[in-house]
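> Next come a sequence and a model predicted from it.
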Amino acid sequence: MHQQPGSDGYVLEIPVKSMDFKAAGEGASRIKQTLKKIGFAPEVVRRAAIAAYEAEMNIVIHTHGGVLEARFYPDKVELAARDKGPGIPDISLAMQEGFSTAPQRVREMGFGAGMGLPNIKKCVDHLAIETEIGKGTLVRMVIFNRSEGKDLTGS
Amino acid sequence: MNLAEIQKILEAKVIWGEDLEKREVLTGFGCDLMSDCLAYAKPKGLMLTGLCNSQVIRTAEILDVQGIVFVRGKQPDQEMVDMARQKGIPLLSTNKLMFDSCGLLFVAGLQGG
């Protein structure tokens, strides 16, 4: 886990391993705690935490591993889920509620119902997905804060 | 409705939790699918589930759940209990079925959500 104050917001970088269900969710938990500490509105914290958790679970379930990154600003949080592939063949299909390619083992854990990306879309203000087969996927999310937050970078 | 009342109604065993009477629950959500909990459950709710793994505790934390009731007599392992304690989420376990548990709480005035 990596933290750095910088001019471009306060950053949390959390490595996410493929199929590591023990650690899965720890990144979203850290992001949630940071948002609470900064003083984001509870409803905003909740939406950002759900989006981060779904994105983190997507990396765990569907990819060869990656990184969950959060950049905190007083008025918004930017989340990025980067993975090392395999990429999404059809994004519009992946955005459909109920569509899932998750294996049975994942469904037994209570996930893989095809709600991940649709739920992320519901929670965030901006969503952009870039994907390349064999290379990986980048899911970028922005959630705006309604109340004024403290700037952790001190700038 | 508070967690102490819920414990009584469901004749549930407290696996971990302090000051249950101070934990006010606004809504209830019964589900074994964590994805659906994330999509539909409201804040400050009670989670009822028959699923028993660490992702239940993680999901509850993300959703600001006030307490988790494991139905059908499910017992979380020590690792889950430790995680719940660390995150401050009370755990209860009842031998009642999911349908009966939800029904009893609904009749007692707890709404879904």
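Sure thing, it's come through. Numbers count the residues shown, from 1 in each chain, chains lettered A, B, ... in the order given.
> Close to chain B: what parts of chain A are there?
Residues of chain A lying near chain B by C-beta under 8 Å from any C-beta of the partner chain: A:21-22, A:24-26, A:28-29, A:32, A:42-43, A:46, A:49-50, A:53-54, A:109-116, A:118-119, A:122. Yep, even glycine has a C-beta here, placed from its N, CA and C like the rest.
> Give me the subset of those that lies in helices.
A:26, A:28-29, A:32, A:42-43, A:46, A:49-50, A:53-54, A:116, A:118-119, A:122 (DSSP state H).
> Chain A contacts on chain B?
Residues of chain B lying near chain A (C-beta under 8 Å from any C-beta): B:32-39, B:43, B:51, B:53-56, B:58-59, B:61-64, B:87.
> hmm, try it at 6 Å
B:Leu33, B:Met34, B:Ser35, B:Leu38, B:Ala39, B:Leu51, B:Asn53, B:Gln55, B:Arg58, B:Glu61, B:Ile62 (C-beta under 6 Å from any C-beta of the partner chain).
> Farthest pair within the residues you listed?
Spanning the widest gap among these are B:Ala39 and B:Asn53, at 18.8 Å by C-beta to C-beta.
> B:Leu46 versus the residue nearest the centre of chain A, what's the distance?
For chain A, A:Ala52 is the residue whose C-alpha lies nearest the centre (C-alpha atoms, centre = their mean; 3.0 Å). Using C-beta to C-beta, to the nearest Å, we find A:Ala52 at a distance of 23 Å from B:Leu46.
> Could I get the contacting residues of the residue most central in space within chain B?
In chain B, the centroid-proximal residue (C-alpha atoms, centre = their mean) is B:Ile68; its distance is 2.0 Å. Listed by C-beta atoms under 6 Å, 6 or more residues apart in numbering or on different chains, the contact partners of B:Ile68 are B:Met47, B:Ala60, B:Leu91.
> let's see it at 8 Å
B:Leu46, B:Met47, B:Leu48, B:Thr49, B:Val56, B:Ile57, B:Ala60, B:Ala84, B:Ile89, B:Pro90, B:Leu91, B:Leu92 (C-beta atoms under 8 Å, 6 or more residues apart in numbering or on different chains).
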